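Student: what follows is a predicted protein model with its sequence.
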Amino acid sequence: AQKVTQAQTEISVVEKEDVTLDCVYETRDTTYYLFWYKQPPSGELVFLIRRNSFDEQNEISGRYSWNFQKSTSSFNFTITASQVVDSAVYFCALSGLTGGGNKLTFGTGTQLKVEL
Amino acid sequence: DTGVSQDPRHKITKRGQNVTFRCDPISEHNRLYWYRQTLGQGPEFLTYFQNEAQLEKSRLLSDRFSAERPKGSFSTLEIQRTEQGDSAMYLCASSLPGLVTGELFFGEGSRLTVL
């Protein structure tokens, strides 16, 4: 069975601070994919990033960066110079190859509040 | 608007009634997914279609739930004899065919409240 744990339920930061959202996953699959999604107050989940299990290279995309460590089963997500518009619930998710590869197992989410 | 649309956005019903939700995916997407999200939780997979074929169903989908995608375009999710535990946000998503992308395009959801 697959499991995603987001231990941080809520994080509050002041605008321009950097913030890291933690994600730990469990899977028995050797091939799997990890994702981060954002859910703003409107409710519509928005895809942010994807990583496959063969690629541990960490990357930066604009103000977003992620740290994938297979050895600790972690896939942490960092927002640099946070902005009020970043306020949302962020979900980490995991999929194997079933469901067309898009059968996602989500964590419980981390509510990020960015204040002025 | 060319995104995923869901209707109705909010449904309030009494226990025991039947409800139906509709999802219109992005037109070129042949895969369609239903997820359920309860308060404070992440979405949970319910079922998925590739074109009109329902390829996988979660054990969460009891016999009271049925989903269809008759012509491979829009989909409906029907809940019969609703129970209070069915109260949740029902999310529809679609994706492109082909390789795994994980990039699901979600609608804004249909919130069900069962009194």
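Tutor: The structure has been received and is ready for your questions. Numbering: from 1, shown residues only, chains lettered A, B, ... in the order given.
Student: quick one: list the elements packing against the helix or strand harbouring residue B:35.
Tutor: Element membership for residue B:35 (DSSP states H and E) is strand B:31-37. Secondary-structure packing of strand B:31-37 (3 or more C-beta pairs under 8 Å, 6 or more residues apart in numbering or on different chains; DSSP states H and E): strand B:44-50, strand B:75-79, strand B:88-95. C-betas here are computed from N, CA, C, even on glycine.
Student: try it again with 10 Å
Tutor: strand B:19-24, strand B:44-50, strand B:53-57, strand B:65-68, strand B:75-79, strand B:88-95, strand B:105-106 (3 or more C-beta pairs under 10 Å, 6 or more residues apart in numbering or on different chains; DSSP states H and E).
Student: point out the most buried one among these.
Tutor: Of all those, strand B:88-95 has the most neighbours on average by mean count of other C-beta atoms under 10 Å in any protein chain shown, namely a mean of 24.
Student: export that strand as CSV, just CAs?
Tutor: In CSV, the C-alpha atoms belonging to strand B:88-95 read as follows (Å, rounded to 0.1, in the frame of the first residue of the first chain):
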residue,chain,number,x,y,z
ALA,B,88,-17.7,15.5,0.9
MET,B,89,-16.3,17.3,-2.0
TYR,B,90,-16.4,15.2,-5.2
LEU,B,91,-13.6,16.1,-7.5
CYS,B,92,-13.3,15.3,-11.1
ALA,B,93,-10.0,15.4,-13.0
SER,B,94,-8.9,14.7,-16.5
SER,B,95,-5.5,14.0,-18.1
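Student: quick one, that strand and strand B:44-50 angle?
Tutor: 40 degrees (axes from the mean of the first three to the mean of the last three C-alpha atoms, to 10 degrees).
Student: what angle do strand B:88-95 and strand B:75-79 make?
Tutor: 160 degrees.
Student: just to revisit the earlier point, quick one: strands adjacent to the strand holding residue B:35?
Tutor: Looking at strand B:31-37 with DSSP bridges, its partner strands are strand B:44-50 (antiparallel), strand B:88-95 (antiparallel).
Student: those into a markdown table, with extra columns for distance to residue B:25 and mean pLDDT?
Tutor: Compiled in a markdown table, the strands paired with strand B:31-37 are given as follows (distance: least, C-beta to C-beta, whole Å; pLDDT from 0 to 100):
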| stretch | distance to residue B:25 | mean pLDDT |
| --- | --- | --- |
| strand B:44-50 | 9 | 93 |
| strand B:88-95 | 3 | 95 |
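Student: the residue positioned nearest the centre of chain B bridge partners, please.
Tutor: Relative to the mean C-alpha position of chain B, the nearest C-alpha, by C-alpha atoms, centre = their mean, is the one of residue B:34, at 3.2 Å. Residues in a beta bridge with residue B:34, per DSSP bridges, are residue B:47, residue B:92.
Student: that one is in contact with residue B:78, isn't it?
Tutor: No. Using C-beta atoms under 10 Å, residue B:34 is not in contact with residue B:78; the gap is 11.1 Å.
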